[in-house]
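Chemist: this is a predicted model, with the sequence first.
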Amino acid sequence: QVQLVESGGGLVQPGGSLRLSCAASGFTLDYYDIGWFRQAPGKEREGISCIGRSDGITYYADSMTDRFTISRDNAKNTVYLQMNSLKPEDTAVYYCAPFCVVPSEGASWGQGTQVTVSS
């Protein structure tokens, strides 16, 4: 079964850090661009970062450039999202997916991992 499983979320204070993991099973991650997305309550899902499959080039939404770092460990078949200087507005469910842009026909999503930034 092909699937991606997100983990690493939790409750963190403003200014804190978390590292999210996206582990693949049933397929090899390094054959795909891998994107991180998030969806806050009452808001649409948004793309926040992506890492290219062949060149490892990384992309970030403007508000994350200086705070988030995406990386991949092909040996572990896992992609990570290091999040620093977290803000309350980063509170959301975070998802990973085998693409950087959501296909026009839509996509299926995993469970995601909840990130809550609160004092």
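Modeler: In hand now; what should we look at?
Chemist: what is the burial count for residue 70?
Modeler: Per other Cβ atoms under 10 Å, the neighbour tally for residue 70 reads 24. Yep, even glycine has a C-beta here, placed from its N, CA and C like the rest.
Chemist: helix or strand for it, which one?
Modeler: Assigned by DSSP states H and E, residue 70 falls within strand 68-73.
Chemist: what lines up beside that strand in the sheet?
Modeler: Here strand 68-73 is paired, per DSSP bridges, with strand 78-83 (antiparallel).
Chemist: need the residues that contact the strand it pairs with.
Modeler: 17-24, 29, 34, 36, 48-49, 51, 67-73, 90, 94, 96, 115 (Cβ atoms under 8 Å, 6 or more residues apart in numbering).
Chemist: what about stretch 12-25, start to end distance?
Modeler: Stretch 12-25 has an end-to-end distance of 28 Å (Cα to Cα, to the nearest Å).
Chemist: which parts of that stretch are buried?
Modeler: With burial defined by 16 or more other Cβ atoms under 10 Å, the residues of stretch 12-25 counted as buried are 12, 18, 20, 21, 22, 23, 24.
Chemist: can I get those residues in JSON lines with secondary structure, pLDDT and distance to residue 100?
Modeler: Listed next are the buried residues of stretch 12-25 as JSON lines, based on DSSP: H, G, I helix; E, B strand; the rest coil; pLDDT from 0 to 100; distance: Cβ to Cβ, whole Å:
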{"residue": "12", "secondary structure": "strand", "pLDDT": "98", "distance to residue 100": "26"}
{"residue": "18", "secondary structure": "strand", "pLDDT": "98", "distance to residue 100": "22"}
{"residue": "20", "secondary structure": "strand", "pLDDT": "98", "distance to residue 100": "16"}
{"residue": "21", "secondary structure": "strand", "pLDDT": "98", "distance to residue 100": "18"}
{"residue": "22", "secondary structure": "strand", "pLDDT": "96", "distance to residue 100": "13"}
{"residue": "23", "secondary structure": "strand", "pLDDT": "95", "distance to residue 100": "19"}
{"residue": "24", "secondary structure": "strand", "pLDDT": "91", "distance to residue 100": "16"}
